[in-house]
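sequence and predicted structure below; questions after.
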Amino acid sequence: MNKFRGQALSWELKRGVIELALHREPCNELGSLALGEFEEFATRLDAMQREAHALIVYSELKPGFCAGADLRELYQRSQAMEKREAVKGVRNFLERIHRVLNHIDDSPLTTIAAVHGVTFGGGFELALACDVIIADKMARFCFPELRLGLIPGFGGIPRLKRDLGNAVVRDLLLTGRSFNATKAQQVGLVSQVVGEGEALRAARATALQLGKFDRATAAAAKKFIKPIPHEELRREIDLFCELFSQPAVEAGLKKFVESTDAQPYLP
Amino acid sequence: MSTVEKTLDEILNLAAAHFKVPREKLVPDDDFFKTLGIDSLQTLDLLTKLENHFHVELPDYELQGVSDFRTLARKIQARL
């Protein structure tokens, strides 16, 4: 299936480039629906990548690339069950999304995240699983999880650590502040900063360039330079689940879900 | 015009253009959440616009509780 239109995701393989679009309102929150479609995509990716050299991930929605995990769903589900069951459910969700992101990270294709606007939490982690990040100058990156009493759970810290100096990782993680695209490029996170609304066009131009190279060589180069930090990723899931069982998390999620604050996304 | 006043003037012009509201409707001491009718995502857009325009970094936590243009101008001025 080289073409698919779902409720949260769509993809199409055309002239050697797979374009994966996110389009679940309000801002591509990653809940069980999106996860199911991501798993479907990961399954189809194996067949599609035989005919492709690049993958572009982008959002069709104006507010941004992705606001991260669906915290409302997480809160509602955890309220409906015993704590132990809720932690088990969270672990299952994390293991499933890790499998998807590891699959994208490990793909022999050269992968490009074309981001704009809000690129927070799980959305940031999705971008980090890609090889190259191209950012609209209005993009913002943030890990706001500490405010909920959590750490990023979709592989964010190990992947950020793989790419950046530890001081920048600590700044993002421990202050929960957001970086704009220019700052993200200065610290080495973003490859290209482009004008408003230009990220997808720039990603397509980059994908065209990638098509000029031998696929096996490009895949070997990627494998050599971009190891997946499996051990740290596993430890991240354990730590997330340990923290998730603390009472502070429930209070943090409740505050977010019930917030009438004009800035609930701000750390 | 003092430096802060100049910064304030630039903020008001920028906000008016970005959110497509008449410049004369924006008053320095107004609550910009109410005047502009913006939500959290649009607030982030405004923050990015300001950072890009003034070439400064504005950590989110420094802006918590800031809701009027004049205070915003002072915060930006402190980082110029």
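Sure, I can see it.

establish whether the lowest-mean-pLDDT helix or strand in chain B and chain A are in contact.
For chain B, using mean pLDDT, DSSP states H and E, the weakest element among its helices and strands is helix B:32-36, scoring a mean of 85. Yes - applying Cβ under 8 Å from any Cβ of the partner chain, one finds that helix B:32-36 is in contact with chain A at residue B:33. (Each C-beta comes from the backbone N, C-alpha and C, glycine too.)

what's in contact with the next helix-or-strand element following that helix?
Downstream of helix B:32-36, the first helix or strand assigned by DSSP states H and E is helix B:40-54. Counting by Cβ atoms under 8 Å, 6 or more residues apart in numbering or on different chains, helix B:40-54 makes contact with A:27, A:63-64, A:117-118, A:137-140, A:178, A:180-182, A:261-266, B:7, B:10-11, B:14-15, B:18-19, B:32-33, B:36, B:38, B:56-58, B:60, B:63, B:72, B:76, B:79-80, all of which sit outside it.

follow-up on the earlier one: chain center to the least confident helix or strand of chain B, what's the gap?
Relative to the centre of its chain, helix B:32-36 is centred 11 Å away, using Cα atoms, centre = their mean, to the nearest Å.

stretch A:247-256 now?
On Cα atoms, centre = their mean, the centre of stretch A:247-256 falls 23 Å from the chain's centre.

hey, C-alpha coordinates of that stretch in CSV?
Taking C-alpha atoms only, stretch A:247-256 is exported to CSV below (Å, rounded to 0.1, in the frame of the first residue of the first chain):
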residue,chain,number,x,y,z
PRO,A,247,1.2,11.2,42.7
ALA,A,248,2.8,14.4,41.2
VAL,A,249,2.1,13.1,37.7
GLU,A,250,-1.6,12.7,38.3
ALA,A,251,-1.8,16.2,39.7
GLY,A,252,0.2,17.6,36.8
LEU,A,253,-1.9,15.9,34.2
LYS,A,254,-5.1,17.0,35.9
LYS,A,255,-3.8,20.6,36.0
PHE,A,256,-3.0,20.5,32.3
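
what angle do the longest helix along chain B and helix B:40-54 make?
Criterion DSSP state H: the longest helix present in chain B is helix B:3-19. Taking axes from the mean of the first three to the mean of the last three Cα atoms, to 10 degrees, one finds helix B:3-19 and helix B:40-54 inclined to each other by 130 degrees.

buried stuff in helix B:3-19?
Residues B:7-8, B:11-12, B:14-16, B:18-19 are the ones in helix B:3-19 that count as buried (16 or more other Cβ atoms under 10 Å in any protein chain shown).

from those residues, which single one is nearest residue A:227?
Distance to residue A:227 across the buried residues of helix B:3-19 (Cβ to Cβ) is lowest for residue B:18, with 42.1 Å.

around chain A, pick out the residues from chain B.
Residues of chain B lying near chain A (Cβ under 8 Å from any Cβ): B:33, B:38-41, B:43-45, B:47-49, B:51-52, B:57, B:59-61, B:63-64.

and the buried ones among those residues, selectable in ChimeraX?
ChimeraX command restricting these to the buried ones, with burial defined by 16+ other Cβ under 10 Å:
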select /B:33,38,39,40,41,43,44,45,47,48,49,51,52,59,60,63
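
contacts for stretch A:236-250?
A:75, A:78, A:83, A:86-87, A:90-91, A:94-95, A:98, A:148-153, A:155-158.

if we go to 7 Å?
With Cβ atoms under 7 Å, 6 or more residues apart in numbering or on different chains as the test, stretch A:236-250 has contacts from A:83, A:87, A:90-91, A:94-95, A:98, A:148-151, A:153, A:155, A:157-158.
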